[in-house]
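*Asks:* sequence below, structure please.
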Amino acid sequence: MAEESKEIQLIKIEAVVRDEMFVDVKNALTSIGVNGITAYQVVGCGVQRGMSEYIRGQKVDVQVLPKIKFEIVVSSEEWERKTIEAIKKAAFTGNPGDGKIFSYYIKQAIKIRTGETGYDAIQSPNFDD
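*Replies:* The predicted structure is shown next:
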């Protein structure tokens, strides 16, 4: 009987953090060995609806704040845990607005250049071939 191969479950982690935490989070992810990171600038707010500022003595409510969104795809629950812990540690200030982390399963991943799918699609390229 042929051995049945176990499908590796891919997990996507999205983290929305303060924009000034970009370098800290990026460095934390790099230091644990995450090799595929997508990051971009976004704006948003949580339930606190941004924060109030005073401009020329007048209170002005800010509805959205600049943030950085990271997207990372990992191939195990162990990597999910390590990645989330690294982000939490790097982005933590203890103040409202530190951000959120979301994690969910991916149905499919496809590397456009090679057509590889699933786990193979998220691996670093081997340029020696």
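
*Asks:* ok, the residue nearest to A86 when sequence neighbours are not counted - contacts?
*Replies:* For A86, ignoring the flanking residues on the chain, the nearest one in space by Cβ to Cβ, 6 or more residues apart in numbering is A28 at 4.3 Å. (Each C-beta comes from the backbone N, C-alpha and C, glycine too.) Residues near A28 by Cβ atoms under 8 Å, 6 or more residues apart in numbering: A86, I87, K89, A90.

*Asks:* any idea whether A28 is helix, strand or coil?
*Replies:* helix (DSSP: H, G, I helix; E, B strand; the rest coil).

*Asks:* now tell me which helix or strand of the protein has the poorest mean pLDDT.
*Replies:* Ranking every helix and strand in the chain by mean pLDDT, DSSP states H and E puts strand 52-55 at the bottom, with a mean of 63.

*Asks:* picking that back up, make JSON lines from the contacts of A28 and add neighbour count to it.
*Replies:* Formatted as JSON lines, the contacts of A28 follow (neighbours: other Cβ atoms under 10 Å):
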{"residue": "A86", "neighbour count": "21"}
{"residue": "I87", "neighbour count": "24"}
{"residue": "K89", "neighbour count": "11"}
{"residue": "A90", "neighbour count": "19"}
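
*Asks:* what's the most distant pair in the residues you listed?
*Replies:* I87 and K89 (7.4 Å; Cβ to Cβ).

*Asks:* mind listing the helices for this structure?
*Replies:* Taking DSSP state H to define them, one finds helices in the chain at 22-31, 77-91.
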